[in-house]
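For reference, the sequence and a predicted model appear below.
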Amino acid sequence: DKVLVATTNKGKLKEFEQILSQFGIQVISLEDMKQKVEIEEDRETFLENAIKKAKIYGDFYKIPVIAEDAGLEVEALNGYPGVYSARFYDIDFGGKETVKENKDVANINKLLRLLKEKENREARFVSVVVFYKPEDFGIWTEGYCYGKIIDKPRGNKGFGYDPVFIPEGYTKTMAELDPEEKNRISHRGKAVKKLLEKLRKLL
Ligand code: ITT
């Protein structure tokens, strides 16, 4: 069983490889493909963005594909950054952030700036995963991971907002957890597990 995991995010790709390998599924990545495709994520929901990515890549390469749209929803920010999580530093919400080191750092800096003096630190990661078999069928599932945003980044595993996110019931940040542990509790891990259960029932 081979599937194209259609993501340009290296951290994400690694986690998909780890999660899917436990189920004996082999991953092809966009780097393995000779012809490149550019996609703009311009939809207003995770589901619409994930479907768009899965359809365009699947129809182009004509192989089964998994695409994901994910992000962080923060209660005190009315659900932002949400679908804008990847480029939060640069959007027209609460001022822009200059990128000094990398985008993840700029995103975290903006988030912490906006949450300064805010008491409500509740947040959740969301993952919407789509499996699409060209000219045949598509299915999707979602996964959530609830937790809190802290004041100062800790840890260097994972990616994105992991250094400032503490999952419910934990004292470590997501970036301090080993990959196996993150995958067990993460939005992505849960969404993928549900996806494979759905697929198994279908096939
Ligand atoms: P693709 O669209 O190519 O898959 P992307 O990075 O643009 O790559 P998304 O649009 O789904 O992916 O953006 C997700 C962003 O949300 C990601 O860049 C991170 O900033 C954040 N994010 C998602 N999952 C995360 C996780 O497990 N840990 C930390 N941050 C995460």
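Received it, and whenever you're ready, just let me know what you need. What you see is a predicted model; the values in this text were computed from it and never measured.

Please name the bridge partners of the spatially most central residue of the chain.
The chain has residue 70 as the residue nearest its centroid, 3.5 Å off, counting by Cα atoms, centre = their mean. Listed beta-bridge partners, residue 70: residue 127 (assigned using DSSP bridges).

wait, doesn't it sit right on residue 85?
Yes: applying Cβ atoms under 8 Å, one finds residue 70 in contact with residue 85, separated by 7.2 Å. C-beta coordinates here come from the backbone N, C-alpha and C atoms, glycine included.

give me the beta-bridge partners of residue 2?
Here residue 2, judged by DSSP bridges, has bridge partners residue 26.

quick one: contacts for the residue of the chain found nearest the ligand?
Proximity to the ligand, evaluated over the chain using Cβ to the nearest ligand atom, is greatest for residue 160 at 2.3 Å. Contact analysis of residue 160 by Cβ atoms under 8 Å, 6 or more residues apart in numbering lists 11, 72, 85-86, 104, 107.

how about 7 Å then?
11, 104 (Cβ atoms under 7 Å, 6 or more residues apart in numbering).

So that it lines up with my notes, have the first residue be 26 from now on.
In the new numbering, first residue 26, that becomes residue 185.

how far away is it from residue 158?
Applying Cβ to Cβ, to the nearest Å, the value for residue 185 to residue 158 is 29 Å.

Then residue 209?
For residue 209, the distance to residue 158 - Cβ to Cβ - is 28 Å.

So these two - more neighbours on which side?
Neighbour count, other Cβ atoms under 10 Å: between residue 209 and residue 158, residue 158 has more, with 16 against 13.

show me the contacts for the more buried one.
Contacts of residue 158 (Cβ under 7 Å, 6+ apart): residue 89.

and what of the one 10 residues further on?
Residue 168 makes contacts with 152, 212-216, 219, as judged by Cβ under 7 Å, 6+ apart.

Return the set of residues that bridge with it.
The partner residues for residue 168, given DSSP bridges, come to residue 152.

What's the per-residue pLDDT of it here?
On pLDDT, residue 168 comes in at 98.

separation between it and residue 130?
26 Å.

about what we covered before: want to try a markdown table for the contacts of residue 168, with distance to residue 64, neighbour count and secondary structure as columns?
Formatted as a markdown table, the contacts of residue 168 follow (distance: Cβ to Cβ, whole Å; neighbours: other Cβ atoms under 10 Å; DSSP: H, G, I helix; E, B strand; the rest coil):
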| residue | distance to residue 64 | neighbour count | secondary structure |
| --- | --- | --- | --- |
| 152 | 18 | 25 | strand |
| 212 | 21 | 22 | helix |
| 213 | 19 | 22 | helix |
| 214 | 24 | 22 | helix |
| 215 | 25 | 21 | helix |
| 216 | 20 | 25 | helix |
| 219 | 24 | 16 | helix |
